[in-house]
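Asker: predicted model follows, preceded by the sequence.
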Amino acid sequence: MIDDFNLELIVQPLQDWFAGHARVLPWREDPRPYYVWISEIMLQQTRVEAVKGYFERFITELPDVKALAECREDKLLKLWEGLGYYNRVRNLNAAAIQIMEAYDGRIPDDYQELLKLKGIGHYTAGAIASIAYGKPVPAVDGNVLRVISRVTCDDSDIMKQSVRNHMEEKLAEVMQAEHTTVIPGVFNQALMELGATVCVPNGMPHCMECPWQNLCEAKKRGCIESLPVKKKAKSRRIEEMTVLVIRDDEKVAIHKRSASGLLAGLYELPNLPGYMDTEAVLSYIRELGYAPIRITPLADAKHIFSHVEWRMKGYVVSIEEPGNELSAEDARYYKEQRKKKKLVFVDAEDAKERYAIPAAFAAYAGYMNIRLGKEAFDKKEETGA
DNA sequence: AAATCGGGGTG
DNA sequence: CACCCAGATTT
């Protein structure tokens, strides 16, 4: 139990260990508030390795709060493309505007003020206040929940908000004690570093490398593998859909998703609910007023989100613009249809440079001559772009 | 309190 | 395949 454990004991071994084992990370080289903020938002539910490249590109492109506040949404989404949880970057933009208007462009150093900013919750407010400003407030993330529940051998369900609040309180007491040796930014980062590199979530923790190996209650009692306790997540629902690569000689059709919901505001390949056969696809294409020349079925694909699984059937449809055999009335009707479906024809270069397209369509990206997801980012790293 | 919101690494 | 990750917001 966390209440039966003297948390003062963990401070010095942890901070000493961190001094020799902190990873070198881009946002640690210059922990100015703006860099801490951006990195913490990117790191939400996202691994350090995935964030590194995005962080460097983001701060180069948008070096300060003002630049972030003035950036347009399409560019923000493009900078975030592949990172996921796209509301994070919209919230960054909204918060930057808040900071410009209410805080004269300066990121607040107070925990309660930070909490008022869009996209900043308990964890991130604590991280910014402690790492960038040295304030003694906790930053409890998944690593900290795991590490503390193990060292104190606490079997409370860490999915419950009440358990998280209680852990924050206990850590706040330690950090704000009278003659504490806690260095807030070091202490919080060290807890997370220990969780990420030693007291790991997958597989066996590396207890022989742990600065707490002689005081860890879970290790003493041999219950490390049963901690932390987490209620199981609900299983995913499955959605079947048909994805279309509609193209002529030079361009391919894309579609802007709705402003709310899954992948809000991103561009996608046109798709239809359910599995459709060749004939159904061809009649859909004709409804749009295009003349299909050839249709080729593609390999089935699957994409897994946290709470949904897409099972996709794909087709490449080559089309040509209808000639002047169309009556003026028909031409008008078709134009209306396309507008209603919000299809945009772009060439591959534009799709790659300007439009944020989620990794869910990576399996079919090759047919539009672009790359998506991790492949896209690795490719950019190679070419130094 | 439960659902929503991405994508990739790992055993 | 399941689980998890430097979580926040909405319902």
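Answerer: Yep, that arrived. Residues are numbered from 1 along each chain as shown, chains lettered A, B, ... in the order given.
Asker: contacts and neighbour counts: CA atoms only from here.
Answerer: Noted.
Asker: ranges for the helices of the stretch 151-300 of chain A?
Answerer: A:161-175, A:184-197, A:217-221, A:278-287 (DSSP state H, counting those that start in this stretch).
Asker: ok, and which of those has the densest surroundings?
Answerer: With neighbours taken as mean count of other Cα atoms under 10 Å, the helices of the stretch 151-300 of chain A reach their highest mean count in helix A:184-197, at a mean of 22.
Asker: now do that one and helix A:161-175, the angle between them.
Answerer: Using axes from the mean of the first three to the mean of the last three Cα atoms, to 10 degrees, the direction of helix A:184-197 lies 130 degrees away from that of helix A:161-175.
Asker: which strands and helices sit next to helix A:184-197?
Answerer: helix A:8-21, helix A:142-151 (3 or more Cα pairs under 8 Å, 6 or more residues apart in numbering; DSSP states H and E).
Asker: out of these, nearest to DNA strand B?
Answerer: When those are compared by Cα to the nearest atom of the strand, helix A:142-151 sits nearest DNA strand B, at 11.8 Å.
Asker: pLDDT of the closest one, averaged?
Answerer: Averaged across helix A:142-151, pLDDT comes to 96.
Asker: what about that helix, near DNA strand B?
Answerer: No: for helix A:142-151, no contact with DNA strand B is found by Cα under 7 Å from any atom of the strand; the gap never falls below 11.8 Å.
Asker: and for that helix, what's in contact with it?
Answerer: Applying Cα atoms under 8 Å, 6 or more residues apart in numbering, the contact partners of helix A:142-151 are A:2, A:154-156, A:158, A:164, A:167, A:191-196, A:199, A:201, A:212, A:215-219, A:224, A:227-228.
Asker: could you list which of these also contact DNA strand B?
Answerer: Okay, of the contacts of helix A:142-151, nothing touches DNA strand B (Cα under 7 Å from any atom of the strand).
Asker: contacting residues for A:Ile224?
Answerer: By Cα under 8 Å, 6+ apart, the neighbours of A:Ile224 are A:150, A:153, A:218.
Asker: just the pLDDT at it, thanks.
Answerer: Predicted confidence (pLDDT) for A:Ile224: 90.
Asker: leaving out chain neighbours, which residue sits closest to A:Asp4?
Answerer: For A:Asp4, ignoring the flanking residues on the chain, the nearest one in space by Cα to Cα, 6 or more residues apart in numbering is A:Thr152 at 7.9 Å.
Asker: can you get me a residue count around that neighbour?
Answerer: Using other Cα atoms under 10 Å, A:Thr152 has 20 neighbouring residues.
Asker: how about the contacts made by it?
Answerer: By Cα under 8 Å, 6+ apart, A:Thr152 lies in contact with A:1-2, A:4-5, A:216-218.
Asker: run the last query once more with 6 Å
Answerer: Counting by Cα atoms under 6 Å, 6 or more residues apart in numbering, A:Thr152 makes contact with A:1-2, A:5, A:217.
Asker: which of these lies closest to A:Thr180?
Answerer: A:Phe5 (16.8 Å; Cα to Cα).
Asker: residue contacts, A:Val36?
Answerer: Here A:Val36 is in contact with no residue (Cα under 6 Å, 6+ apart).
Asker: make it 7 Å
Answerer: Going by Cα atoms under 7 Å, 6 or more residues apart in numbering, A:Val36 touches A:27, A:128, A:132.
Asker: and the angle for the helix or strand where A:Lys339 lies with helix A:278-287?
Answerer: A:Lys339 belongs to helix A:328-341 when assigned by DSSP states H and E. With the same axes, to 10 degrees applied, the angle from helix A:328-341 to helix A:278-287 works out at 110 degrees.
Asker: now do the buried residues in helix A:328-341.
Answerer: A:331, A:334 (16 or more other Cα atoms under 10 Å).
Asker: which element follows it toward the C-terminus?
Answerer: Later in the chain than helix A:328-341, the nearest helix or strand by DSSP H and E is strand A:343-347.
Asker: is the very next helix or strand once past that next one anywhere near DNA strand B?
Answerer: The helix or strand immediately downstream of strand A:343-347 is helix A:348-354, counting by DSSP H and E. No: judged by Cα under 7 Å from any atom of the strand, helix A:348-354 stays clear of DNA strand B, getting no closer than 14.3 Å.
Asker: around DNA strand B, which positions in the stretch 201-350 of chain A sit nearby?
Answerer: Residues of the stretch 201-350 of chain A lying near DNA strand B (Cα under 7 Å from any atom of the strand): A:202-203, A:234, A:260-264, A:304-307.
Asker: could you dump the contacts of A:Ile224 into JSON lines with distance to A:Lys52 added?
Answerer: Below are the contacts of A:Ile224 laid out as JSON lines (distance: Cα to Cα, whole Å):
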{"residue": "A:Arg150", "distance to A:Lys52": "29"}
{"residue": "A:Cys153", "distance to A:Lys52": "33"}
{"residue": "A:Ala218", "distance to A:Lys52": "33"}
